[in-house]
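Engineer: Predicted model follows, preceded by the sequence.
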Amino acid sequence: MSKQVLILKGDHIGPEIVDESLKVLRKVDEQFGLELVFEEGLLGGAACDAVGEPCPDETLEKARRSDAILMGSVGGPEWDGLERHLRPEKGLLKLRSGLELFGNLRPAILYPQLAEASSLKPEIVAGLDILIVRELTGGIYFGEPRGIRVLENGEREGYNTYKYSESEIRRIGKVAFEAAMVRDRRVCSVDKANVLEATVLWREIMEEVAKDYPEVELSHMYVDNAAMQLVKAPKQFDVMVTGNMFGDILSDAAAMLTGSIGMLPSAALDKNGKGLYEPCHGSAPDISGQGLANPLATILSAAMMLRYSLNAPDAAVAIEEAVSRVLDQGLRTPDIHTEGTRKVSTSEMGDAVLAAL
Ligand code: NAI
Ligand code: MG
């Protein structure tokens, strides 16, 4: 059965890195008989220029009828003068909320070949491969009531509300356990159940979800300890699942253990497993149009898309292994270049991954 993939190239380096990923996707499509059908849509500054808004309804429609979405990156200084609601980044937010993409997958993978790029010692971090599953549309970032109020004594007080319903916890739990099933089958749920009542419920529901996945081992950790363990011994983790705020902080910390933003993929999933896949980085206007961008974060996002939304885990592994072989060959875009390795351009890197496939 054919699979519809919506391609949103976006702005600046977006088209450059997505084009390399398309080459790679077309190759595995042929090798694994995936029957991928690609359609393009407008998002970000490109959409502002063409139709006057960053996420036209047509794009949302195309996204709704596709099985998965691969995006480059949006934004750039030429659109910074626009009103807030017309900015390219707003288009991405409209797409995320319009599709209810609540499950944010942020892997932190350190290829052993790039161990020198990490801020941690190679022996602690080489071979790191963890996945942080962050709830993206609830928790304290969205909880009501919130605001700044004036107290009886005239002093002002800022407040937010941390809350998660059982169904919200259950659906993000399922994302984490499903992900663990195609990995090392271990989930660590991160909460602050010793202090926050809301996360006592989180812990309880995670235990419930775990019953549907007897093959997966569930453990719990308080968020302060999790932060410490990520820096001390990050390789102990397989999948970590947590709420919006804890996940925001832990995923940024984990991402930076890998040293390079040009290598980091991500996904945002809905309840049916449809997802928006994109590199963690932005549109890098400073290097656009010069063949300097590292396409690997987007190529690895395409691999995640095959694994989590298109039911093609073998093709995903093939891409990840090809990327690893290219790094073995010593090929590096400028952002990951170190002494003794060979500097290549965006398209040379894409071609090398193709050849390795
Ligand atoms: P950025 O991630 O675009 O760039 C930060 C630094 O990393 C720059 O020096 C850039 O050259 C470098 N870099 C990023 N991706 C790279 C790659 N693939 N290869 C090599 N080097 C790379 O973040 P910045 O500069 O804060 O934002 C630029 C624009 O991107 C802004 O308009 C921002 O709003 C937008 N943005 C869009 C995102 C998205 O589409 N999801 C996410 C973050 C920012
Ligand atoms: Mg953040």
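Structural biologist: Noted; the coordinates are in hand. Ligands and ions are numbered 1, 2, ... in the order given.

Engineer: Residue 344: what's its closest spatial neighbour, skipping adjacent residues?
Structural biologist: Distances taken as CB to CB, 6 or more residues apart in numbering place residue 331 nearest to residue 344, at 4.9 Å, with adjacent residues excluded. (Glycine included, C-beta is placed from N, CA and C.)

Engineer: Helices of the stretch 101-250 of the chain, start to end?
Structural biologist: 122-125, 166-181, 197-210, 223-232, 244-256 (DSSP state H, counting those that start in this stretch).

Engineer: Would you mind measuring from the residue lying farthest from the centre of the chain to residue 201?
Structural biologist: Going by CA atoms, centre = their mean, the residue of the chain most distant from its centre is residue 153, 45.3 Å out. Separation of residue 153 from residue 201 (CB to CB, to the nearest Å): 33 Å.

Engineer: now residue 301
Structural biologist: 33 Å.

Engineer: Neighbour count for these two, which is higher?
Structural biologist: residue 301 (26 against 17; other CB atoms under 10 Å).

Engineer: Quick check: which element contains that one?
Structural biologist: Element membership for residue 301 (DSSP states H and E) is helix 296-308.

Engineer: Output the contacting helices and strands for that helix.
Structural biologist: Applying 3 or more CB pairs under 8 Å, 6 or more residues apart in numbering; DSSP states H and E, one finds that helix 296-308 makes contact with helix 13-32, strand 68-73, strand 103-109, strand 265-269, strand 275-279, helix 313-328, helix 346-356.

Engineer: Go again with 7 Å.
Structural biologist: helix 13-32, strand 68-73, strand 265-269, strand 275-279, helix 313-328 (3 or more CB pairs under 7 Å, 6 or more residues apart in numbering; DSSP states H and E).

Engineer: which stretch among the ones you listed comes nearest ligand 2?
Structural biologist: Closest of the helices and strands packed on helix 296-308 to ligand 2 is strand 265-269, at 11.1 Å (criterion: CB to the ion).

Engineer: Show me which residues of the stretch 251-357 of the chain are close to ligand 1?
Structural biologist: 261-262, 278, 281-287, 293-294, 297, 335 (CB under 6 Å from any ligand atom).

Engineer: meant to ask about the stretch 1-150 of the chain
Structural biologist: So far as CB under 6 Å from any ligand atom goes, the stretch 1-150 of the chain lies against ligand 1 at 13, 73-76, 89, 92.

Engineer: any chance of these in TSV, plus pLDDT and neighbour count?
Structural biologist: What follows is these, written out as TSV (pLDDT from 0 to 100; neighbours: other CB atoms under 10 Å):
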residue	pLDDT	neighbour count
13	98	31
73	96	32
74	96	30
75	95	24
76	96	21
89	87	17
92	89	23
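
Engineer: Across the sheet, point out what pairs with the spatially most central residue of the chain.
Structural biologist: The residue lying closest to the centre of the chain (CA atoms, centre = their mean) is residue 266, at 1.6 Å. In this entry, residue 266 is beta-bridged to residue 278, by DSSP bridges.

Engineer: Just the buried residues of stretch 69-87, please?
Structural biologist: Residues 69-76, 79, 87 are the ones in stretch 69-87 that count as buried (16 or more other CB atoms under 10 Å).

Engineer: How about stretch 327-336?
Structural biologist: Here stretch 327-336 shows 327, 331-336 as buried, counting by 16+ other CB under 10 Å.

Engineer: Let's see which of these end up in strands.
Structural biologist: Among the buried residues of stretch 327-336, the ones falling in strands (DSSP state E) are 331-332.

Engineer: Identify the farthest-apart pair in the buried residues of stretch 327-336.
Structural biologist: Spanning the widest gap among the buried residues of stretch 327-336 are 327 and 334, at 14.6 Å by CB to CB.
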